[in-house]
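> quick check, what structure comes out for this input:
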Amino acid sequence: SFSIDLPLKTLFDAPTISALTRAVEDLDVSTNLPALVPQKRETHIPLSFAQQRLWFLDQLIPDTALYNIPFSLVLKGSFDLKAFLKAFNTLLERHESLRTFFNTHEGDPHQLIASSLSLDESIYVEESSQLEDMVSSMVNDRFDLETVPLFRVKIVKLSSKKHLLLFTIHHIIFDGWSIDVFMKELTSLYNGFLKGEEAELSPLPLQYPDFAIWQRNWLQGDVLNKQLSYWKNQLQGIPDILSLPTDKPRPKEMSYKGQFYTFSLDHKDTIQTLIQDEQVSPFMFFLSVFKVLLSKYSGQTDVVVGSPIANRHYKEIEGLLGFFVNTLALRSYVDKDRSFKEFLHEIKRHTLEAYQHQDIPFEQLVDHLEISRELNRNPVFQVMFTYDQRSSQATYQFEGIETEGYGKEYPVSRFDLSLHVQEGERGYEIGINYATDLFEEETIQRIGESFSAVIEDILKNRDKTLGEIEALPLEEREKVLVEWNRTEVAYPKDKTIH
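You can find the predicted model right below:
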């Protein structure tokens, strides 16, 4: 280990070993990070910047379950409740995040860690007749951030060999990455306890409160100003809103009710060939396509899209549970006279630069940009994009049990529109989460069809200008060009035209 913080941009710029060696030798290590180690704790432990963002939103939009993270699995096989409880309680002791709650002191929020916390057999539900109501309550009931625990667990018996694991946790102590860490450790412990073995997990180098203190101490002064300077330059003069055509007028206050529309996309081999030829990532390609589509729908050339980033680029925090994810505001000018290939490489450059400045919390950026907050739209951007290479059917191996997802949708939309691309073995699954305050499903379906149409046109010719790229599916295009422009009308022969 060279203890060097190597930017992702360097790996793209130096694809060979010799080039990478030269890049490492030329790297400026003067801004290397302070060691991420357990920190000295004062009486009041501060929130991380990300936690502070969600704490603020909880005050701004009370009585909502907007930041609940639901997770559920169907368990088929012989389920051992005692082994499950022992495994879960081991994780409660191992991870302080799971025992965290929040309070205020002199108006400032701080986090507290419960000294002990455990589950018992009361989480087991023998009767499943009220399953739909139970699932709805698990997912939609809000959490009181001042009360521990900030999660709910139920094991519902569906039959002697079939159970349903329901788990909902507040985002302020958890994120998407944490789900994988948590389930891998839970299944490992469960399988060991089932065999009568003791827990064998590697000790954690630190806990989430240590990260929060470390982040507060590091991200200030010159370090903060350098990152802020980049983002202020990038986002200066952004439009107030991305004006997508909506089916309903924007309400004075959003309800955050949402729905999902999903569809499949083929052409994986052709897309991957383009990606390899242009030396970009799948994320960069699909983001470029999405921005072209948004520009065509909105009529705007200045397009800002948000995208979450795991923000786990330090090995010490890879195995922690907690809220690390940050949001990047990615801005582009969609020039109709530029080729898609040129636009794609600009997206690549801007994305890699954004990754190098990913540490500044989005909420802090909003404060420094002095952008006014409105209850009916998100600041900076109103549309999100995510790409996930992990299998949507991630398997967690409980001994003697087959697992499958419990396909219930989460009827919430934090943004006007969010597009999620999930890579599969043969193609891609596309999901659009949309605000029902603004859109009808038929409109979202058309957007999905247009997304596919843009990709198909690009795959035919990546040198096409952005203005030339077709956003209408072939059938819709024929309808517009042929049927709608058919002006001949049968006129009675016995009439004259004046």
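> what's the first helix or strand after whichever strand or helix holds Leu287?
For Leu287, the host element (DSSP states H and E) is helix 282-298. Next helix or strand after helix 282-298 toward the C-terminus (DSSP H and E): strand 302-309.
> tell me which residues in stretch 455-465 are buried?
Buried positions in stretch 455-465, judged by neighbour count with 16 or more other C-beta atoms under 10 Å: 455-458, 462. C-betas here are computed from N, CA, C, even on glycine.
> out of these, which is nearest to Val325?
Ile455 (27.1 Å; C-beta to C-beta).
> do you know how far the closest one is from Ile447?
13 Å (C-beta to C-beta, to the nearest Å).
> now do the helix holding Leu287: which elements does it pack against?
Helix 282-298 sits against helix 268-278, strand 302-309, helix 340-356, strand 383-388, strand 417-423, helix 441-460, with contacts defined as 3 or more C-beta pairs under 8 Å, 6 or more residues apart in numbering; DSSP states H and E.
> dump the ones you listed into a markdown table; add mean pLDDT as well.
Compiled in a markdown table, the helices and strands packed on helix 282-298 are given as follows (pLDDT from 0 to 100):
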| stretch | mean pLDDT |
| --- | --- |
| helix 268-278 | 97 |
| strand 302-309 | 97 |
| helix 340-356 | 97 |
| strand 383-388 | 96 |
| strand 417-423 | 96 |
| helix 441-460 | 97 |
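> looking at the ones you listed, which is closest to Asn433?
Closest among the helices and strands packed on helix 282-298, using C-beta to C-beta: strand 417-423, at 4.3 Å.
> what are the pairing partners of that closest one, and which direction each?
Looking at strand 417-423 with DSSP bridges, its partner strands are strand 383-388 (parallel), strand 428-435 (antiparallel).
> quick one: the helices in this structure?
Using DSSP state H, the helices found in the chain span residues 8-13, 17-26, 49-60, 81-94, 131-140, 176-194, 208-218, 221-235, 268-278, 282-298, 340-356, 362-369, 441-460, 474-478.
> of the ones you listed, flag the one that's most buried.
helix 282-298 (a mean of 22; mean count of other C-beta atoms under 10 Å).
> chain center to that one, what's the gap?
17 Å (C-alpha atoms, centre = their mean, to the nearest Å).
> tell me the average confidence for it?
Averaged across helix 282-298, the pLDDT comes to 98.
> do the same with stretch 166-173
97.
> which residues touch that stretch?
51, 54-55, 58, 67-72, 97-98, 100, 102, 134-135, 138-139, 143, 145, 150-156, 208, 321-323, 406 (C-beta atoms under 8 Å, 6 or more residues apart in numbering).
> if we go to 7 Å?
Contacts to stretch 166-173, defined as C-beta atoms under 7 Å, 6 or more residues apart in numbering, come from residues 51, 54-55, 67-72, 97-98, 100, 135, 138-139, 143, 145, 150-154, 156, 322-323.
> what subset of these is buried?
Buried among the contacts of stretch 166-173 (16+ other C-beta under 10 Å): 51, 54-55, 67-72, 97-98, 100, 135, 138-139, 143, 145, 150-154, 156, 322-323.
> among those residues, which are in strands?
68-72, 100, 151-154, 156 (DSSP state E).
> can I get the helix holding Leu287 in PDB, CA atoms only?
Presented in PDB, the C-alpha positions along helix 282-298 are these (Å, rounded to 0.1, in the frame of the first residue of the first chain):
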ATOM      1  CA  PRO A 282     -21.900   2.900 -18.600                       C
ATOM      2  CA  PHE A 283     -22.900   5.600 -16.200                       C
ATOM      3  CA  MET A 284     -21.500   8.300 -18.500                       C
ATOM      4  CA  PHE A 285     -23.200   6.800 -21.500                       C
ATOM      5  CA  PHE A 286     -26.700   6.500 -20.000                       C
ATOM      6  CA  LEU A 287     -26.400   9.900 -18.300                       C
ATOM      7  CA  SER A 288     -25.500  11.500 -21.700                       C
ATOM      8  CA  VAL A 289     -28.600   9.900 -23.300                       C
ATOM      9  CA  PHE A 290     -30.800  11.000 -20.400                       C
ATOM     10  CA  LYS A 291     -29.600  14.600 -20.700                       C
ATOM     11  CA  VAL A 292     -30.200  14.700 -24.400                       C
ATOM     12  CA  LEU A 293     -33.800  13.400 -23.700                       C
ATOM     13  CA  LEU A 294     -34.400  16.000 -21.000                       C
ATOM     14  CA  SER A 295     -33.200  18.800 -23.200                       C
ATOM     15  CA  LYS A 296     -35.600  17.700 -26.000                       C
ATOM     16  CA  TYR A 297     -38.500  17.500 -23.600                       C
ATOM     17  CA  SER A 298     -37.900  20.700 -21.700                       C
END
